[in-house]
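Student: Coordinates only, no sequence provided:
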Ligand code: NDP
């Protein structure tokens, strides 16, 4: 704590992992001898830089850019960039730390890192977004590369931003190095299903948790928070799997549609028109918009938090359990506080932590890197099959590990121990670096 003052989300993420890996340390005393935990909690490299840019009216703004290269024992650093005014070093470190374990769980050769900026994209014109991305990349380009560090999207960074970032990288380096960023557009090295991957993957993971209990999505009422990339495609896949998502949200409030959210309309509002979620209720007569309230007050059987960290505290978790919730899958990173997680575990409901449940996005990014390296492009169907299999494998890895360590059905312990063991083994093999 004293080494990293004020980084509360980072402390929370580290504590959550350390609290569950005790059994693994008992079985492998060599991890303690090699001080793996201390090495894991210290990023390999942290870069903080100035991002100056000019708005449409000629005003000059200075933002702060970050890239935290956390651990490259398993492969190049890999993790998204977040643009949100709340971003500070503690946000990026918590996300980077989580990413190390998530990436290990995928079974693919990727290390963990994360980056971003305290830039607020809301209300900015397309030209302003482009100028900001170009300025950020003018510093970031020297730290990244297909064999070094491969950023992608996260909150506030989607296909448009990745396009501008890639354009500037290509311009500065004079290299068409497709594998330097993932989440690219399909015309310039992007992979099919990457846009859908995190949301689809989360729904696949919840489907596996339900199946393990003899249940399914069929006929279930589902609530999703957020209305961004992860939320939209989680909703789409839940509907394909037979569930009905009746509510989703943004940071201003939520919409309720008892007939089930119309995903095509949601995409039009969020991806094309870039409007607020409120616009949905203005177009659908039977839908309602509830401002300034959390979506978790809507009764549901499955909850999928897909917005941001710490959006479900103990209070919301208890309300969900009281209302009959049987499964929770974290589409977002660390959306449940420790009290929230504990309430779900105490109630014995299926709880899929983000490291496992939302790993489909980064896994498909690794598939994008694979396609870029071989100058290939796979079909949508094949890519989706690969994603589904990866999510099934992650589910199996977590549940087998939980079982092995005497905590059947505990995906928190299963994911942390399984990922930690993999990273620790690789670090031991590479020596004291
Ligand atoms: P988007 O920017 O596309 O969407 C974010 C959504 O969450 C928006 O609806 C936004 O509402 C809401 N939101 C963001 N911050 C807050 C906040 N402080 N309070 C309330 N609501 C908020 O991001 P993504 O969908 O890509 O990411 C969502 C989550 O999923 C994040 O935790 C991210 O780290 C995680 N994730 C994303 C992956 C990806 O592939 N994109 C991969 C793995 C995890 P508003 O517009 O009002 O801000």
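Tutor: That came in fine, so what should we check first? Just so it is clear, the structure is predicted and the values come from calculations on it, not from any experiment. Residues are numbered from 1 along each chain as shown.

Student: Show me how this protein divides into domains.
Tutor: With domains defined by automatic domain parsing, the chain comprises 42-179, 196-352.

Student: What residue, apart from its backbone neighbours, is nearest residue 131 spatially?
Tutor: Of all residues not flanking residue 131 in the chain, residue 53 sits nearest, at 4.9 Å (CB to CB, 6 or more residues apart in numbering). Placement of C-beta: from N, CA and C, glycine included.

Student: and the one you found, what are its phi and psi?
Tutor: phi -150, psi 160 (degrees, to the nearest 10).

Student: ok so, going back, identify whichever of the domains of the chain lies nearest to the ligand.
Tutor: The ligand lies closest, by CB to the nearest ligand atom, to one member of the domains of the chain: domain 196-352, at 1.8 Å.

Student: Show me how far that closest one is from its chain's centre.
Tutor: 15 Å (CA atoms, centre = their mean, to the nearest Å).

Student: Now do it: distance from first to last residue.
Tutor: 19 Å (CA to CA, to the nearest Å).

Student: before we move on, the earlier item: take the domains of the chain and write them to a markdown table, including mean pLDDT.
Tutor: Below are the domains of the chain laid out as a markdown table (pLDDT from 0 to 100):
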| stretch | mean pLDDT |
| --- | --- |
| domain 42-179 | 98 |
| domain 196-352 | 98 |
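
Student: Now name the helix or strand holding residue 334.
Tutor: For residue 334, there is no helix or strand it lies in under DSSP states H and E.

Student: With residue 403 as the reference, measure out to it.
Tutor: Separation of residue 334 from residue 403 (CB to CB, to the nearest Å) stands at 25 Å.

Student: more crowded one of these two?
Tutor: Neighbours around residue 334 and residue 403, counted as other CB atoms under 10 Å, are more numerous at residue 334. The numbers are 24 against 13.

Student: Tell me how many other residues crowd the spatially closest residue to the more buried one that is not a sequence neighbour.
Tutor: Take residue 334 and drop its neighbours on the chain: the residue closest to it by CB to CB, 6+ apart is residue 309, 4.4 Å away. For residue 309, the neighbour count with other CB under 10 Å is 21.

Student: Would you agree residue 309 is in contact with residue 333?
Tutor: Yes: here residue 309 reaches residue 333: they are 6.1 Å apart, a contact under CB atoms under 8 Å.

Student: what touches both of the two?
Tutor: Counting by CB atoms under 8 Å, 6 or more residues apart in numbering, the shared contacts of residue 309 and residue 333 are residue 94.

Student: what packs against the longest helix anywhere in the chain?
Tutor: Longest helix of the chain, by residue count under DSSP state H: helix 380-404. Packed against helix 380-404, as judged by 3 or more CB pairs under 8 Å, 6 or more residues apart in numbering; DSSP states H and E, are the following elements: helix 89-105, helix 194-212, helix 354-357, helix 360-373, helix 411-429.
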